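> using only what follows, build the 3D model:
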Amino acid sequence: MERKSQFSQKQKLDILVSAKDVGIKESANLVGVHYSTVYQWQRKLNVLGEEAFLAYQPKSRGRGIKKITKTQENGVLETWERYPGFGPSQVRNQLRRQGITISTKTVQKIMEANGYSGIRKKRNKEESQRFEASRPLELVQIDILEFFIHKLKVYLLLLLDDFSRFILGFRLSTETSIDMVIGVFQEAIDRYGKMEEVLSDRGFVFYSWRGVNRFEQYLEVEGIHQTHASPHHPQTLGKIEAANKQIQKELIRRQEFKGVEDAEEAIKQWVEIHNYKRTHQGLGGLLVPADRFHGRVDAVLKSLSKKIDPEAQSGYDGIDISRSLMNLVLEPEGRVRLYVLGHPVDLFWRQP
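Next up, the predicted model:
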C-alpha cells in the first residue's frame, strides 16, 4: 500500500485486517506509520464496530499522521519503565526536562499501544485554587495515610514543604503517636532547618479538643505556629493529599511488601525520587521539588533553555545538600531568629 499521511476509513480497515496476519507493528511498518497509530485505529474499530468505523468522519483532516521518532519512542518507554506509576503527562514532563519535545497525546498513544490504560478525570476548578507559601520552610503540611500490608494496618506520616513540595521526612508505623510526629519534626529541623508554620487536620496527634497535647506544646517551645485545616474543606491540605495520592498510585498499590521494614525501604526510595527526580505539575511541569527547595530554579531553567539535562550537568547525585545553611524564622513575639544548620543563633532583632 502507498505510504501516505492520510488514510480513508476503508484503507484503515484494510490495514487492520492485514494486521491480524502479520501483527500491528509489521502492518504499521509496511504502510509507513507508527504502530501506536494503528493501535488507535484498532481501539476505535473495537468500540464502534465495522459499519460505524467505515462511516466515521473525522472532524477535521488535521496535519496528517505525525511522525514519531525512535528517540521519542525509546524515551517514553524507558521513562515509563523507570517510573511505572507515571501517567502520560508526567512522562512527557520528564522527557521535556531531558530536552526531548513530545506531546502528551503522542506519549499516551505510545503508552496505550504498550499496555497502558489510564483513567481520565475532569478536574474541579475549586481544586486548582490553592494558596502557596512564598519560600522554603515558611509553611509545612503534615498528614497521616493509612494502608494495609497484607492484613496489618500501618500509618504513613508525611511532612511536606508547601512552597517546594519537597518531602522533609516520613515515618511508617503500626500505630499513630505524638512521639512519632515529634520525631519526624525534630529530624526535619536538624537536617533542613526550622520551619515557621505547620498546617494539619484536627487528628488527635495534631490537636487536642481539651487543653493542649504534647505535640502542640512542642511546637510552642520551638516557636512554630500551628494552623488547622478548615473542616469539610479538603483543598486546604491539597498538596499533602496530592502527595498521598501519588505514593498510593506509584508505589503502595503497585508493590507487594513483605513487611513493615520492606515497605519502609521502598517508601524511602520513593521519597528520594519524588524530591530529586520526579518533575512536579504544580511547579510548572519541568522542576523537581529539590530545585525549589535548594534554590536551583534559575540554574535548572537556564540548563533547560539550552536543552541540557540539568541532572546530567549538575544534578543532585553525590552532592551533600541535605541541609539548608541558614534560614530566618519569625517567632511569636514578633522577633526574627537566625538558624544555621538547623540550630538557633543567639542574635535577635525586632521586626520593624
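> residues touching the residue nearest the centre of the chain, list them.
By C-alpha atoms, centre = their mean, the chain has its centre lying nearest to residue 280, at 5.0 Å. When the contact criterion is C-beta atoms under 8 Å, 6 or more residues apart in numbering, the partners of residue 280 are 165, 287, 288, 289. In this view, the C-beta of every residue, glycine as well, is placed from N, C-alpha and C.
> what is the burial count for the second one?
Read that as residue 287. Residue crowding around residue 287 was assessed by other C-beta atoms under 10 Å; the count is 22.
> residue contacts, it?
With C-beta under 8 Å, 6+ apart, residue 287 has these contacts: 279, 280, 297, 300, 301.
> which elements pack onto the helix or strand containing residue 159?
Per DSSP states H and E: residue 159 is located in strand 152-161. Applying 3 or more C-beta pairs under 8 Å, 6 or more residues apart in numbering; DSSP states H and E, we find strand 152-161 packed against strand 140-149, strand 167-173, helix 178-192, helix 238-247, helix 260-276.
> reformat the contacts of residue 287 as JSON lines; add distance to residue 27, secondary structure and pLDDT.
Supplementary listing: these in JSON lines, determined by distance: C-beta to C-beta, whole Å; DSSP: H, G, I helix; E, B strand; the rest coil; pLDDT from 0 to 100:
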{"residue": "279", "distance to residue 27": "35", "secondary structure": "coil", "pLDDT": "84"}
{"residue": "280", "distance to residue 27": "39", "secondary structure": "coil", "pLDDT": "76"}
{"residue": "297", "distance to residue 27": "46", "secondary structure": "helix", "pLDDT": "82"}
{"residue": "300", "distance to residue 27": "42", "secondary structure": "helix", "pLDDT": "76"}
{"residue": "301", "distance to residue 27": "43", "secondary structure": "helix", "pLDDT": "79"}
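> show me which of those residues are buried.
A residue is treated as buried here by neighbour count (16 or more other C-beta atoms under 10 Å); on that basis the buried members of those are 279, 280, 297, 300.
> out of the residues you listed, who's nearest residue 257?
Distances from the buried ones among the contacts of residue 287 to residue 257 were compared by C-beta to C-beta; the smallest belongs to residue 280, at 25.4 Å.
> any idea how far that closest one lies from residue 194?
Taking C-beta to C-beta, to the nearest Å as the measure, residue 280 and residue 194 are separated by 24 Å.
> coming back round to it: adjacent strands (with direction) for the strand holding residue 159?
Listed by DSSP bridges, the sheet partners of strand 152-161 and their directions read strand 140-149 (antiparallel), strand 167-173 (antiparallel).
> which strand residues bridge residue 146?
According to DSSP bridges, the residues that bridge with residue 146 are residue 155.
> what average pLDDT does stretch 16-34 get?
Per-region confidence: stretch 16-34 scores 82 on mean pLDDT.
> please compute how far that stretch lies from its chain's middle.
In this view, stretch 16-34 has its centroid 36 Å away from the chain centroid, taken as C-alpha atoms, centre = their mean, to the nearest Å.
> what distance separates the start and the end of that stretch?
Between the start and the finish of stretch 16-34 there is a gap of 13 Å, counting by C-alpha to C-alpha, to the nearest Å.
> report the buried residues of that stretch.
Those would be 16, 18, 19, 24, 27, 28, 31, 33, 34, for stretch 16-34 by 16+ other C-beta under 10 Å.
> and the closest residue to the fifth one other than its chain neighbours, which helix or strand is it part of?
With sequence-adjacent residues excluded and distances taken as C-beta to C-beta, 6 or more residues apart in numbering, residue 27 is closest to residue 19, at 3.8 Å. Per DSSP H and E, residue 19 falls inside helix 9-22.
> how far is that helix from where the chain is centred?
On the basis of C-alpha atoms, centre = their mean, helix 9-22 sits 39 Å off its chain's mean C-alpha point.
> return the list of helices and strands in contact with the helix or strand just after that helix.
Next helix or strand after helix 9-22 toward the C-terminus (DSSP H and E): helix 24-31. With contacts defined as 3+ C-beta pairs under 8 Å, 6+ apart, the packing partners of helix 24-31 are helix 9-22, helix 35-48.
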